[in-house]
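just a sequence and a predicted model for now, questions to come.
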Amino acid sequence: MSRHDCYTCGAPNAMQAFKGRSFNVSFKQLNRMVHSLAGHECTECAEIEFDAPSAERYARAGDELIEDAKRVMADEMKRIRRKLHFTQKSAVQLLSGAGTMRSAAMNGPKWNHPNPCLY
Ligand SMILES: [Zn+2]
């Protein structure tokens, strides 16, 4: 076990070696666990310092998470665009057949519940 001073809080010999730990990488609402990480942790301020391979894996998980987030946002944008397109189309239909649609909307619930007092 090697110990050294903490770079963050300066506590002497406070960095304690660890290995086989799992850390969660989070970005926006996305989370990803990275397992079997090794490095040092400060016993004073809990600062984590990964060893080189662990830092690499942790960073890669973060990059993947950002890629995932971008994909999720792109999908969401597509979905919204589709929805907007649909809404534009229905707006046109609504304008051209407003009478029929409005009367259906107004009469529908009355047909389903002829006597509202019973419900
Ligand atoms: Zn520290």
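Received, thanks.

am I right that Gln93 sits in a helix?
Yes. According to DSSP: H, G, I helix; E, B strand; the rest coil, the state of Gln93 is that of a helix.

distance of it from Phe86?
10 Å (CB to CB, to the nearest Å). C-beta here means a position set from N, CA and C on the backbone, and glycine is covered the same way.

ok, now Phe23?
42 Å.

just say helix, strand or coil for Ser54.
helix.

for the most centrally placed residue in the chain, what are its contacts?
Taking CA atoms, centre = their mean as the criterion, Gln29 is the residue nearest the geometric centre of the chain, at 2.4 Å. For Gln29, the contact set (CB atoms under 8 Å, 6 or more residues apart in numbering) is empty.

A strand includes Lys83, no?
No. Read with three-state DSSP, Lys83 is helix and lies in no strand.

confidence score at it?
The model reports Lys83 with a pLDDT of 84.

residues near it, how many?
Lys83 is flanked by 10 other residues according to other CB atoms under 10 Å.

cool, and Arg32?
Arg32 has 15 neighbours, counted by other CB under 10 Å.

how far away is it from the ion?
26 Å (CB to the ion, to the nearest Å).

that residue: what secondary structure?
Per three-state DSSP, the local secondary structure of Arg32 is strand.

and it, what does it touch?
Asn24, Val25, Ser26, Ala61, Glu64, Leu65, Asp68.
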